[in-house]
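# One predicted model, sequence on top.
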Amino acid sequence: MRGGPEAVVTTMGVMKFDQETKEMFVAEYYEHMGVTLDVLKENTGFEIDVSRAIPASSPTEEELHILRTMVDPEGIYMN
């Protein structure tokens, strides 16, 4: 049986879990939003592996359109 989260998505990046150790690591970070690995580590309350981290891709115009018009049309989460 498997269970538990696959990933944790934050305003700074995406963290995943190592298959063997089950320890959390940074998979992607939002460089296009000014996030650096140093800032991410400073804002995490524990030691976290950043050796596998890559910059996340910026959202496409189509993805932004869907988020703004279908997912959050009232602008509650996105501005």
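Sure thing, it's come through. What you see is a predicted model; the values in this text were computed from it and never measured.
# Surely A27 forms part of a helix?
No. If the criterion is DSSP: H, G, I helix; E, B strand; the rest coil, then A27 is strand and not within a helix.
# Around it, how many other residues sit close by?
For A27, the tally of surrounding residues (other C-beta atoms under 10 Å) stands at 18. Backbone N, C-alpha and C define where each C-beta goes, glycine included.
# so what's it up against?
Under the criterion of C-beta atoms under 8 Å, 6 or more residues apart in numbering, the neighbours of A27 are 7, 13-16, 52-54.
# Using ChimeraX, define a selection of the buried residues within those residues.
With 16 or more other C-beta atoms under 10 Å as the burial test, the buried ones among the contacts of A27 are selected in ChimeraX as follows:
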select :13,14,15,53
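# ok, V35 touching V26?
No. In this structure, V35 is not within contact of V26 by C-beta atoms under 8 Å, at 10.1 Å.
# Overlap in contacts, these two.
The contact sets of V35 and V26 overlap at G13 (C-beta under 8 Å, 6+ apart).
# mind listing which of the contacts of A27 are in strands?
Filtering those for membership in strands, criterion DSSP state E, returns 7, 13-16, 54.
# need these in JSON lines with pLDDT, can you?
Formatted as JSON lines, the entries for the ones in strands among the contacts of A27 read as follows, by pLDDT from 0 to 100:
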{"residue": "A7", "pLDDT": "95"}
{"residue": "G13", "pLDDT": "96"}
{"residue": "V14", "pLDDT": "97"}
{"residue": "M15", "pLDDT": "97"}
{"residue": "K16", "pLDDT": "97"}
{"residue": "I54", "pLDDT": "98"}
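# What is the nearest of those to Y30?
Relative to Y30, the closest of the ones in strands among the contacts of A27 is G13; by C-beta to C-beta it sits at 5.7 Å.
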